[in-house]
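**Q** Here's my sequence, what's the structure:
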Amino acid sequence: MSTPHLILWTCGPVQSFIAAARKGRDLWFGSWLLSEVSTAAANAFLESGARLLLPAPPEPVVENLARLDFDVPNRVLVQVSTDNPRALAEHVSEKASQQLRTMATKTFDTLEEQGHRNQYDREEAIQQIEDLLDTAWASVRCTERPQRDRSRVVALLEARRSARLFTPPLFAQPGVPKSSLDGAREVVTRKGAGLRLGLTHDERLCGVGLLKRMGHHIAKDAPGGRLASVSAFALHTWLRPALGPHQEHLEAVENAVKAFADELRRSQFFTKLEQPRAFPLLGQLDAHAFYANRVHEFAQEDKQERDKQDEGPQHKDGLNDLRTHHTRALNTFLDTVARDTNVRLPRVPNPYYAILLGDGDQLGRYLRPLDHQELAQVSGVLSAFAASVRDDVFRPERLAGACVYAGGDDVLALVPVDVALQQARALSDRFAAAFEELGESLLARHGVPTFSVGICVAHHLTPLRDALAGARAAEATAKEIAGRCAWAVRVNKRSGAPITIHGPWTDDSDRALIRLTTLSAAGGDVPRGLAHELVEVARRLGVATEVLERCELIRVLAQKGDAVQQHRDFFLGELERARSHHGNHTSGLANLAERLVVARALAGLGGAAA
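**A** Numbering: from 1, shown residues only. Below you'll find the model as predicted:
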């Protein structure tokens, strides 16, 4: 009779692979690809008669695991009866690698069908992709102490991962440029093939990078497959005031966007206006088309093709005429929106968006005392939570952001800055609500774990790697400094040091910051220079008592007029909160000034204080 075993299987790389991205769809496809690889591993375990403990999709398990919107984490824990756990784990790893090869083959076949066979080296691309996956596993025999078994298999896996085997890659070639995404592998795209492949004119990718960029062709039905450029989320913040409280002017704004795109197309210098997938409000228009400083992207041509053309009068308009044409089209767009919605948008679009990272607090410690049956129950709750995040929290059609990944207790999303904190609160509430579905005995013994969220507000031209690092730093602040069950917002300004503020969910500090954001928005009651003036007062006072800071704040608010004065009690409360949370300064006024800077950034005003 076969012996019951506990097997923990994992694959990577994860963080470095996901972070190697320049576009929103790079970020999404990297996450989705790893999830599909893990799904293949989970299916292979199921075919062998194993019982899934983590993840634990609802019944019917096979059908739910096959759903394109069900994200599987990179760790799979199973209980299985077998006399040869090594053979089973290696079979599962081969199935995972086979899934990766299948996805790469489908992607490159699609490129060939589109006539791009000569634009890249397919053989070398496949070699690089086959070298990508790093799988590891550990196994223990099951005993009557399931908690101890899980602790042992986790310890064994960590020991295995610390003893990796490193072999030289077969595809490495001296003197070959490295990928534009991460600089880790040699490029496989031909020189000058960027525009033909839908890349930027000077972008060259390795095989893994090419798979991430072009993989959307094989993920047409996946929920995240329509993920747009991060710039689209910045534009949603800019356009939202024109939509109305209940999006009653949505159609009018959509028509204005279409007219704007049509006007740009009148100039033969505007090329590559379309994105491969339609996105709410913008359709297939590339979000960069709204930014005057990105106009040159749409005029780039392959140099060899340009050299073949006659330099007639139509090619001598130059970039200045192109910008003039863009300015005229943008002004017409703004006038049309003002006429049809009675809202005058800022003439310069908001350039900031937010990356949101959410994670359960000390979930490993919460799971440790559970037996296998209880673990499966909690895993089912986590699967239900992840599904609700994608279905009910992040809905692109509501302009409330897009979920990049939701697996277990991990959530990664791109959101407009003006709804970032609201979405973070919704995640925390949804996490708590999901655990309320556990049985009363489990809740009585173990309670409900908490959830923390980190938000990074970043410029849309900031490398995604840096923006993701900022989101992880914010998440670490929420967990390590704010004490878990908390939120943190980090504003990565294009110049100067980042600004981070945080608070626990329990004191409604996030709701206070949302109110401050509303007051700081365009047309709000808080004047633009208030934060700068508070910084000057704090510098002059130095280390001051609470009473003195309150008196100075009352004086400054009184000078700003009645519109600000009516919120005096709210600002005094925020000063007290700024002093109790300490923040980056010993001065409560300086910390309050930073809250105002963050509020302006969340309002879509670029994060500038003055």
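**Q** A256 is in contact with T336, isn't it?
**A** Yes - with contact defined as CB atoms under 8 Å, A256 counts as touching T336 (4.5 Å). All C-beta atoms are positioned from the backbone trio N, CA, C, and that covers glycine.
**Q** between those two, which one's more packed in?
**A** A256 (23 against 17; other CB atoms under 10 Å).
**Q** OK, contacts around that one?
**A** 333, 336-337, 340 (CB atoms under 8 Å, 6 or more residues apart in numbering).
**Q** In stretch 528-539, which of the residues would be classed as buried?
**A** 530-535, 537-538 (16 or more other CB atoms under 10 Å).
**Q** Nearest to A219 among these?
**A** Using CB to CB, A531 is the member of the buried residues of stretch 528-539 that lies nearest A219, at 43.4 Å.
**Q** Just the element for the closest one, please.
**A** Using DSSP states H and E, A531 sits within helix 530-541.
**Q** Show me what that helix is packed against.
**A** helix 546-559, helix 588-602 (3 or more CB pairs under 8 Å, 6 or more residues apart in numbering; DSSP states H and E).
**Q** circling back to that earlier point, and the buried residues of stretch 528-539 as CSV, adding pLDDT and distance to A376?
**A** Converted to CSV, the buried residues of stretch 528-539 look like this (pLDDT from 0 to 100; distance: CB to CB, whole Å):
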residue, pLDDT, distance to A376
L530, 91, 54
A531, 90, 51
H532, 90, 56
E533, 91, 58
L534, 92, 53
V535, 90, 54
V537, 92, 58
A538, 90, 54
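**Q** Do a quick rundown of the strands in this protein.
**A** For the chain, the strands defined by DSSP state E cover 4-12, 51-54, 75-81, 134-141, 274-279, 283-285, 352-360, 402-407, 410-415, 451-459, 486-492, 499-504.
**Q** I'd like the ones you listed as JSON lines, with mean pLDDT, distance to T517 and mean neighbour count appended.
**A** Output for the strands of the chain, formatted as JSON lines (pLDDT from 0 to 100; distance: least, CB to CB, whole Å; neighbours: other CB atoms under 10 Å):
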{"stretch": "strand 4-12", "mean pLDDT": "94", "distance to T517": "38", "mean neighbour count": "22"}
{"stretch": "strand 51-54", "mean pLDDT": "92", "distance to T517": "38", "mean neighbour count": "20"}
{"stretch": "strand 75-81", "mean pLDDT": "95", "distance to T517": "37", "mean neighbour count": "22"}
{"stretch": "strand 134-141", "mean pLDDT": "94", "distance to T517": "42", "mean neighbour count": "18"}
{"stretch": "strand 274-279", "mean pLDDT": "72", "distance to T517": "24", "mean neighbour count": "17"}
{"stretch": "strand 283-285", "mean pLDDT": "85", "distance to T517": "28", "mean neighbour count": "16"}
{"stretch": "strand 352-360", "mean pLDDT": "96", "distance to T517": "12", "mean neighbour count": "27"}
{"stretch": "strand 402-407", "mean pLDDT": "89", "distance to T517": "21", "mean neighbour count": "25"}
{"stretch": "strand 410-415", "mean pLDDT": "94", "distance to T517": "14", "mean neighbour count": "25"}
{"stretch": "strand 451-459", "mean pLDDT": "97", "distance to T517": "11", "mean neighbour count": "28"}
{"stretch": "strand 486-492", "mean pLDDT": "96", "distance to T517": "10", "mean neighbour count": "28"}
{"stretch": "strand 499-504", "mean pLDDT": "94", "distance to T517": "12", "mean neighbour count": "22"}
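**Q** circling back to that earlier point, for the contacts of A256, pick the one with the most neighbours.
**A** Neighbour-wise, these (other CB under 10 Å) top out at V337, 24 neighbours.
**Q** Run a quick check on that one versus L243, I expect a contact.
**A** No - the pair V337 / L243 is not scored as a contact, 9.9 Å apart, by CB under 8 Å.
**Q** joint contacts of these two?
**A** V253.
**Q** about what we covered before: let me know the closest of the contacts of A256 to V411.
**A** V337 (33.1 Å).
**Q** and P85, what pLDDT?
**A** pLDDT for P85: 95.
**Q** For it, which non-adjacent residue is spatially closest?
**A** S139 (3.9 Å; CB to CB, 6 or more residues apart in numbering).
**Q** if I look at that neighbour, how far off is R152?
**A** 10 Å (CB to CB, to the nearest Å).
**Q** again, but for T450
**A** From T450 over to R152 (counting by CB to CB), the distance is 28 Å.
**Q** who's more crowded, the two?
**A** T450 (22 against 18).
**Q** Can you give me every residue that contacts that one?
**A** Applying CB under 8 Å, 6+ apart, the residues near T450 are 360-361, 428, 431-432, 484-485, 505.
**Q** low pLDDT regions in this protein?
**A** Along the chain, the model assigns pLDDT under 70 to residues 1, 170-171, 195, 220-228, 268-272, 276-277, 299-318, 582-583, 606-610.
**Q** for it, longest helix please?
**A** Counting by DSSP state H, the longest helix found in the chain is helix 85-113.
**Q** Can you give me the buried ones in that helix?
**A** Counting neighbours by 16+ other CB under 10 Å, the buried set in helix 85-113 is 85, 88-89, 91-93, 95-97, 99-100, 103-104, 107-108, 111.
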